[in-house]
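>>> structure for this input, please:
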Amino acid sequence: MPNSSALVTALRELGDRPAVVADGRAISGIGLLLGVSPAGGLPRALAGRVADHAALAPSAARAAEQRLRYWAGVLGPPPIRHTVLHPVTDLAVELALATLLTGGTVHCDNPERHPDEQLAALAAHRTTHLSLPSALLWRLSRLPGLTDHDLGALRLVLHIGPEPRQEDVYAAVDALGAVLAHVRAPDSDTEAADRRLRADAEAATAAAWKHSIGVTVEQLREFGAHLDRSVLTSLLLTLQQSGVLTDPAREYSEAELLATAMVTPAQRPRVTRWLDALARHELITRHDGGAQGPVFHVRHDVPPLTAAEVRESWRPAVEAWADGLGPAAALDRVRRGAARLPRLLSGEETPRPTTAPVRWTAARGYLGTALGALVRRTAEAHDGPAPLRVLELGLALDGAETAVARALAARPRPAAAHHLTADGGRYDVVVATASAARPPEDEVRALVRLLAPGGRLLLLAPTAEQLDLLITGDAQSPATAHPPRRWQAALTAAGCPTVRILPEDGHPMALLGQRLFAARVD
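Predicted structure coming up:
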């Protein structure tokens, strides 16, 4: 007796129309029933399941179709052009079969392709339905070039993975303009790794708690406001003492200002950064001067500064700092550096070595402890046959490197290989300090390429501007920084589906503008 199951009937009704499209080759409904097998893992698995299904007795076929009818109900009414961007799993095959049951077409795409190619294929196929792992969805929805692709036909996105964060869902809905439906994948090694990372981050936060005792949001906000005001007025005073930016009616091009102030060529990049900071914080005004570039003048409501006023501006910053934030020497270094600025610009004084931002001195106990706890817990949980490979890069900030070394030397001693330079291999853990000089996207991509599958990236990154670097940094040191969400988005786009940020938003220590990102790579 011929098989009259609903799936077989649907394929017969498709006839010569495309049922499955893979690598540019279309297989018709009749082709699938005749045993034509497309190339590729998912298309081949799909064709095999069709062949198995066609051989079932009617009663067995109806039982097998109950789940397919459920997924067909989730997909909704036709027309359906369903792109399955998922590795070969039973669930991916069932979603494809459910599409065929509704008379739709399945486009099998490779989840390992470049994201821009995936988006281009979605647009070219006029995809109405998309199934993919949740981590891949978050990555695609944050791609800068997503709006270059016409995804107007997209109606439903099924993302498969652990329980999502609402912020990821909102971002994907905004980016794709489609309905999102979450399908919880069966518990997997990936989900277990995510749970371990979350647990380790919570343990690291608990370990670092003691370093925030007595520190309040109000204290840090007050200190930050006083410090930044003192730095900015010191910069402006230095320029005014050089004979520029004293008269609101007098405008200077950048070249004219540098020449009038007699800034040495080596220090011109530093002063360019000063001008940017002073303009952003509205102590001076910048506007387009046409062919001569930007022109600057002091604001009418900013009277000329005196050395006594600037010295006095440091007093409230010192008082707030002395209330348990850090050693006096750290802030004194900035104050002494401000006093030396005129001689530095003229070349009378040699630049001093770059030092870490003052706020890092206040944050290093908390972040160093959290970092050490994450490294230690990662090492203790490692059960592979080879030692845990740990790469430590760019930790020039005091205390961070000793935290990693102490964690790896803990008792009982874990089997770990500690590297300070890359040897061309892949690492289980990469610990690094980012700078604001490179875009987060470039910085993160380079670091993620060093990780083995399932590896962890522990990244210390500046997340708020550190104006004191305009005094104590080298001539190229940027004072600006990128907010935590941009670092998180960069990590997600680079292949890190799970990212924990320490300290969390709202924690007093977060106001110090240095955060620790703990991320797991797929």
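>>> confirm D194 sits in a helix?
Yes: the assignment for D194 (DSSP: H, G, I helix; E, B strand; the rest coil) places it in a helix.
>>> state the pLDDT value of it.
You'll see D194 listed with a pLDDT of 83.
>>> is it in contact with P497, as I believe?
Yes: the criterion here is CB atoms under 8 Å, and D194 meets it with P497 at 7.5 Å. From N, CA and C alone the C-beta is placed, and that goes for glycine too.
>>> which one of the two has more residues nearby?
The residue with more neighbours, out of D194 and P497 and counting by other CB atoms under 10 Å, is P497; that gives 23 against 19.
>>> give me the common contacts of D194 and P497.
Counting by CB atoms under 8 Å, 6 or more residues apart in numbering, the shared contacts of D194 and P497 are R520.
>>> which stretches of the stretch 301-450 of the chain have low pLDDT?
395-402, 411-414 (pLDDT under 70).
>>> swap that for the stretch 1-150 of the chain, please
Across the stretch 1-150 of the chain (using pLDDT under 70), the flagged ranges come out as 1-4, 38-39, 54, 57, 59-62.
>>> okay, strands next: where are they in it?
Read by DSSP state E, counting those that start in this stretch, the stretch 1-150 of the chain holds these strands, from start to end of the chain: 18-22, 25-28, 81-84, 105-108, 129-133.
>>> swap in the stretch 251-400 of the chain?
Taking DSSP E, counting those that start in this stretch as the criterion, the stretch 251-400 of the chain carries its strands at 252-253, 284-288, 294-298, 388-393.
>>> counting by contacts, list what the last one packs against.
So that's strand 388-393. The contact analysis (3 or more CB pairs under 8 Å, 6 or more residues apart in numbering; DSSP states H and E) places strand 388-393 against helix 358-381, helix 400-408, strand 416-419, strand 427-433.
>>> buried residues of it, list them for me.
For strand 388-393, the buried set under the neighbour-count rule, 16 or more other CB atoms under 10 Å, comprises L388, R389, V390, L391, E392, L393.
>>> repeat that for stretch 166-174.
Taking 16+ other CB under 10 Å as the criterion, stretch 166-174 shows D168, V169, A171, A172 as buried.
>>> OK, contacts around L388?
T378, A379, H382, P414, A415, A416, A417, D428, V429.
>>> that should have said Y366, apologies.
Listed by CB under 8 Å, 6+ apart, the contact partners of Y366 are A208, H211, S212, P503, M509.
>>> out of the residues you listed, who's nearest Q240?
Sorting the contacts of Y366 by distance to Q240 puts M509 at the head of the list, at 36.0 Å, by CB to CB.
>>> please name the nearest non-neighbouring residue to that closest one.
P503 (4.5 Å; CB to CB, 6 or more residues apart in numbering).
>>> correct me if wrong: the one you found contacts R515.
Yes: with contact taken as CB under 8 Å, P503 and R515 are classed as touching, separated by 7.2 Å.
>>> just give me the neighbour total for G384.
A count of nearby residues for G384, using other CB under 10 Å, gives 10.
>>> packing partners of the helix or strand harbouring A203?
When secondary structure is defined using DSSP states H and E, the element that contains A203 is helix 189-208. Contacts defined by 3+ CB pairs under 8 Å, 6+ apart place helix 189-208 against helix 358-381, strand 498-502, strand 514-520.
>>> go through the ones you listed and pick out the most buried.
strand 514-520 (a mean of 25; mean count of other CB atoms under 10 Å).
>>> extract the CA atoms of that strand and return them as CSV.
In CSV, the C-alpha atoms belonging to strand 514-520 read as follows (Å, rounded to 0.1, in the frame of the first residue of the first chain):
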residue,chain,number,x,y,z
GLN,A,514,38.0,50.0,34.8
ARG,A,515,36.1,46.7,34.3
LEU,A,516,37.0,43.1,34.0
PHE,A,517,35.2,41.2,31.2
ALA,A,518,35.1,37.4,31.6
ALA,A,519,34.1,35.7,28.3
ARG,A,520,33.9,32.2,26.9
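>>> what pairs with that strand, parallel or antiparallel?
Partner strands and pairing direction for strand 514-520 (DSSP bridges) are strand 451-462 (antiparallel), strand 498-502 (antiparallel).
>>> just tell me which of these ends up closest to A409.
In terms of CB to CB, the element of those nearest to A409 is strand 451-462, at 17.1 Å.
>>> the closest one: what's the following helix or strand?
Per DSSP H and E, the first helix or strand lying C-terminal to strand 451-462 is helix 469-472.
>>> circling back to that earlier point, okay, the buried residues of strand 388-393 in a markdown table with distance to E349 next?
Converted to a markdown table, the buried residues of strand 388-393 look like this (distance: CB to CB, whole Å):
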| residue | distance to E349 |
| --- | --- |
| L388 | 47 |
| R389 | 44 |
| V390 | 41 |
| L391 | 38 |
| E392 | 34 |
| L393 | 32 |
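>>> and stretch 237-253, what's buried?
Judged by neighbour count (16+ other CB under 10 Å), stretch 237-253 contains these buried residues: L237, T238, L239, Q240, S242, V244, L245, T246, P248, E251, Y252, S253.
>>> and the residues you listed as a markdown table, adding pLDDT and distance to G35?
Shown next, in a markdown table, are these (pLDDT from 0 to 100; distance: CB to CB, whole Å):
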| residue | pLDDT | distance to G35 |
| --- | --- | --- |
| L237 | 97 | 84 |
| T238 | 97 | 82 |
| L239 | 97 | 81 |
| Q240 | 96 | 85 |
| S242 | 94 | 84 |
| V244 | 95 | 83 |
| L245 | 95 | 81 |
| T246 | 93 | 87 |
| P248 | 92 | 84 |
| E251 | 94 | 80 |
| Y252 | 95 | 80 |
| S253 | 95 | 76 |
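>>> out of these, which are inside strands?
When DSSP state E is applied, those are split such that Y252, S253 fall in strands.
>>> looking at the buried residues of stretch 237-253, which are in helices?
Counting by DSSP state H, the part of the buried residues of stretch 237-253 found in helices is L237, T238, L239, Q240.
>>> residue contacts, the last one?
Spelled out, that is Q240. T246, V298, P304, L305.
>>> for T264, which non-adjacent residue is spatially closest?
For T264, the nearest residue in space outside its immediate sequence neighbours is G347; the separation is 4.2 Å by CB to CB, 6+ apart.
>>> repeat that for G365.
For G365, ignoring the flanking residues on the chain, the nearest one in space by CB to CB, 6+ apart is H211 at 3.9 Å.
>>> list just the nearest of the contacts of L388 to G289.
Nearest to G289 among those: V429, at 50.3 Å, using CB to CB.
>>> beta partners for that closest one?
With DSSP bridges as the criterion, the beta-bridge partners of V429 are V390, R456.
>>> quick one, what contacts it?
V429 neighbours (CB under 8 Å, 6+ apart): V375, T378, L388, R389, V390, L391, G455, R456, L457, L458.
>>> ok, the second one to E191 distance?
Spelled out, that is T378. Remark: distance between T378 and E191 (CB to CB, to the nearest Å) = 18 Å.
>>> picking up where we left off before, which two of the buried residues of stretch 166-174 have the greatest separation?
Set against one another by CB to CB, these have their most distant pair in V169 and A171, with a gap of 7.3 Å.
>>> and the residue nearest to T264, how many neighbours?
As a burial measure, the neighbour count of G347 was computed by other CB under 10 Å and equals 13.
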